[in-house]
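Enquirer: Here is a sequence with its predicted model. Questions after.
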Amino acid sequence: MVILTRNTAVRHATSQQARAALARVGLVHEGQFSVNKSDEEWQLELNPQEFQVLRQAGTEAPFTGPLNTEHRLGTYCCRACGAPLFSSDTKFDAGCGWPSFYQTLAGDSVVLRSDHKLPGRPRIEVLCANCGSHLGHVFDDAPQTPTGDRFCMNSVALKFVPAESL
Ligand SMILES: [Zn+2]
């Protein structure tokens, strides 16, 4: 797995807006993940859909994940390792069918990486900074939010912890 440095990622970002978004969120950094497990180990801990999304960069079908319509106060954690990633305070309804957030819980919660899997449509992939699991992508198409960013996350990649249980 290659984690791009911030400068590389910014260079790969195509639009002026995407560059600005990357500079603003400032989440790209190099480094080892704290949690390192084999596919076999992850398969024992995750169900098949979770494994496919988190460890094989899959995408759940839109409007299918339960967290898309979760509106309680709380924290969204990585389904794979439990690291806290997003606050319900920054969740918004983007209408895209996936849970969306305009910023991460902390500046170093996630790692960003250029994703060129879709021909002609470069995207920025979002990984858990603690375990390297795939969470979704970030887009700079949310001008209705304070940051303009839309962290478009797979519901199965996240675990919601309600505030009252924290
Ligand atoms: Zn994780």
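Expert: Alright, I've got the coordinates. Numbering: from 1, shown residues only.

Enquirer: Show the contacting residues for residue 37.
Expert: Shown in contact with residue 37 (CB atoms under 8 Å, 6 or more residues apart in numbering): 45, 131. C-beta: built from backbone N, CA, C; applies to glycine.

Enquirer: now swap in residue 145 and tell me
Expert: Residues in contact with residue 145 (CB under 8 Å, 6+ apart) are 92, 102.

Enquirer: Confirm that it sits in a helix.
Expert: No: the assignment for residue 145 by DSSP: H, G, I helix; E, B strand; the rest coil gives coil, which leaves it out of any helix.

Enquirer: per-residue confidence at it?
Expert: pLDDT, residue 145: 96.

Enquirer: before we move on, what about the one 4 residues further on?
Expert: With respect to pLDDT, residue 149 scores 95.

Enquirer: any idea how far residue 143 is from it?
Expert: In this view, residue 149 and residue 143 are 10 Å apart by CB to CB, to the nearest Å.

Enquirer: what's the helix or strand for residue 138?
Expert: Counting by DSSP states H and E, the secondary-structure element that holds residue 138 is strand 134-142.

Enquirer: how about that strand, does it reach the ion?
Expert: No: using CB under 5 Å from the ion, strand 134-142 stays clear of the ion, with a minimum separation of 8.1 Å.

Enquirer: So which bits of this structure are right by the ion?
Expert: Contacts of the chain with the ion, taken as CB under 5 Å from the ion, map to 78, 80, 81, 83, 128, 130, 131, 133.

Enquirer: And the strands in the chain, which stretches?
Expert: Secondary structure of the chain (DSSP state E): strands located at 74-78, 84-87, 91-92, 100-101, 110-115, 123-128, 134-142, 148-153, 158-162.

Enquirer: most tightly surrounded among these?
Expert: Burial among those, expressed as mean neighbours by mean count of other CB atoms under 10 Å, is greatest for strand 100-101, which shows a mean of 26.

Enquirer: Many thanks, I have nothing further to ask.
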